[in-house]
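just need the structure, nothing else, for what follows:
(one chain, ligands or ions: 1)
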Amino acid sequence: MAGNWKMCKTPSDTSAFFKEFNPLVADVKEREIVIFPPFVNLPAAIQSVNGSRIEIGGQNMYWARDGAFTGEISGPMLKAVGCRWVLVAHSERRQYFGETEETALQRIRAALETGLIPVVCVGEHLQDREAGKTHAVLEGQFQGGIAPLEPAQFAKIVIAYEPVWAIGTGRTATPQTAADSHRLIREMASIRYGRQAAADLRILYGGSVKPDNAKVLMAEEEIDGVLVGGASLDPQSFATIVKS
Ligand code: PGA
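Residues are numbered from 1 along each chain as shown. Next comes the predicted model:
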């Protein structure tokens, strides 16, 4: 159950969030909970979840370890502050910052080398879906950004299916539509890495997940978890989703 805060909240907002959120999920045992705050909030977030089961991740990372890359953050830096996870190639990164399958692959490899778990985001735009190209787009993202990984690397990643038309729009994919796409991704994984690896792969759904639709989404066998944007900013609403 993952929350992507995008470019929201300050360090003090972050501490306030966890003060309210931690007790709400203290009795949740069989779910992993991860929050992805903006970089500058990572120390506050990590300090706030100390002693709880909640984990923290970065929203992005560059693949070099260090060097002359002004404005970038590396995997070892995320690791050093206490992150265990990192988002890779979120659709907003692809759309506004020119990220591609190739850069996704470089980030995934660097994250794994550092010991971070990459949550690799894929998903089609509305015009792709309307043109019947969902399969082709997911196939391109999988073959370009994921399939070059070795089986041992693939075993460590999580995939998030986020149809771009459902992100921040209030327009959620129906559980069936989401599950269909998850099945497609799992099929590609099965062809490339074998049945067991595909069955073990965790696929999260993201795109307008809210407290009132999380339960029906989570009821789909194909949906192993959710990646939540807007509704993860509020402790009560994200706690309700975590428990769905
Ligand atoms: P949303 O964002 O829940 O606000 O639609 C999801 C995401 O982009 O990860």
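
in this protein, what residue lies closest to the ligand?
G229 (2.2 Å; CB to the nearest ligand atom). (Glycine included, C-beta is placed from N, CA and C.)

excluding covalently adjacent residues, which one is nearest to that residue?
N4 (5.2 Å; CB to CB, 6 or more residues apart in numbering).

from what I can see that neighbour touches L87, true?
Yes: counting by CB atoms under 8 Å, N4 does reach L87; the two are 6.5 Å apart.

what touches both of those two?
Both N4 and L87 are in contact with F36, Q59, where contact means CB atoms under 8 Å, 6 or more residues apart in numbering.

how about the residues of the chain that lie near the ligand?
Neighbours of the ligand within the chain, by CB under 6 Å from any ligand atom: 4, 162, 167-168, 206-209, 227-231.

what are the phi and psi angles of the spatially closest residue to D224 that is not a sequence neighbour?
Leaving aside its chain neighbours, D224 sits nearest to R202 (4.3 Å; criterion: CB to CB, 6+ apart). The phi/psi pair for R202 (degrees, to the nearest 10) reads phi -100, psi 130.

OK, contacts around R202?
Taking CB under 8 Å, 6+ apart, one finds V158, I159, D224, G225 in contact with R202.

so what's it bridging to?
According to DSSP bridges, the partner residues bridging R202 are V158.

need the residue closest to the centroid of this protein.
V119 (4.3 Å; CA atoms, centre = their mean).

ok, now which ones touch that residue?
V119 neighbours (CB under 8 Å, 6+ apart): 2, 34, 57, 85-88, 157-160, 204, 227.

of the residues you listed, which is the most crowded?
V88 (29 neighbours; other CB atoms under 10 Å).

quick one on the thing from earlier: and the residue of the chain closest to the ligand, how far is that from P23?
23 Å (CB to CB, to the nearest Å).

looking at these two, which one has more neighbours?
Legend: neighbour count by other CB under 10 Å for G229 and P23, higher for G229 (22 against 12).

pLDDT score for the closest residue to I46 other than its chain neighbours?
Closest residue to I46 apart from its sequence neighbours, by CB to CB, 6+ apart: G82 at 4.0 Å. The score at G82 is 98. That number is its pLDDT.
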